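Undergrad: Give me a 3D structure for the following:
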Amino acid sequence: MFGTRNNLIEQVPAVGWHTWVEQNDGILLDVREPTEWAQGMLPDSVTISLGFLPASLGRLDTDRPVLVVCRSGNRSMVAAQFLVRNGFTAANLKGGLSAIGYAS
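TA: Residues are numbered from 1 along each chain as shown. Alright, predicted model coming up:
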């Protein structure tokens, strides 16, 4: 279902996430679990847990690039790769929310 290789997925630096979203009219996708969302999220995030992503692709606009976030950047990389294989333009927040000190 998901891949593990970094197939040239753009790595967005933690300090540049907001600029990336604005400049690309992007969607911010948080693929953590509901218990993690309760600890804090970036503004305007769409929330779809990684395990539910395949069944939830219809919630995302294929015409808008997606910046995927998680706690450390691992799950979001997997999700970004999956999105790219399914026709989306996607990038990964490098280091995840931990890199910006936003949530644990």
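Undergrad: where along this structure do the strands fall?
TA: Under the criterion DSSP state E, the chain contains strands at 10-12, 27-30, 46-47, 66-69, 90-93.
Undergrad: Report all helices and strands that the fourth one contacts.
TA: So that's strand 66-69. helix 17-24, strand 27-30, helix 74-85, strand 90-93 (3 or more Cβ pairs under 8 Å, 6 or more residues apart in numbering; DSSP states H and E). In short, each C-beta sits where N, CA and C put it, glycine included.
Undergrad: about what we covered before: so which of the strands of the chain is the most surrounded?
TA: strand 66-69 (a mean of 28; mean count of other Cβ atoms under 10 Å).
Undergrad: That strand pairs with which strands?
TA: Using DSSP bridges, strand 66-69 pairs in its sheet with strand 27-30 (parallel), strand 90-93 (parallel).
Undergrad: and it, how far from the chain's centre?
TA: Relative to its parent chain, strand 66-69 has a centroid offset of 2 Å by Cα atoms, centre = their mean, to the nearest Å.
Undergrad: ok, residues contacting that strand?
TA: 12, 17, 20-21, 24, 26-32, 42, 45, 60, 76-77, 79-80, 83, 88-93, 96-97 (Cβ atoms under 8 Å, 6 or more residues apart in numbering).
Undergrad: could you dump the strands of the chain to TSV with distance to Ser56?
TA: Below are these laid out as TSV (distance: least, Cβ to Cβ, whole Å):
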stretch	distance to Ser56
strand 10-12	22
strand 27-30	10
strand 46-47	9
strand 66-69	12
strand 90-93	14
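Undergrad: Name all residues that make contact with Asn14.
TA: To be clear, residue 14 is Ala; Asn isn't right here. 93-95, 99-100.
Undergrad: Centroid-nearest residue for the protein?
TA: Taking Cα atoms, centre = their mean, the centroid of the chain lies closest to Val68, which sits 0.8 Å from it.
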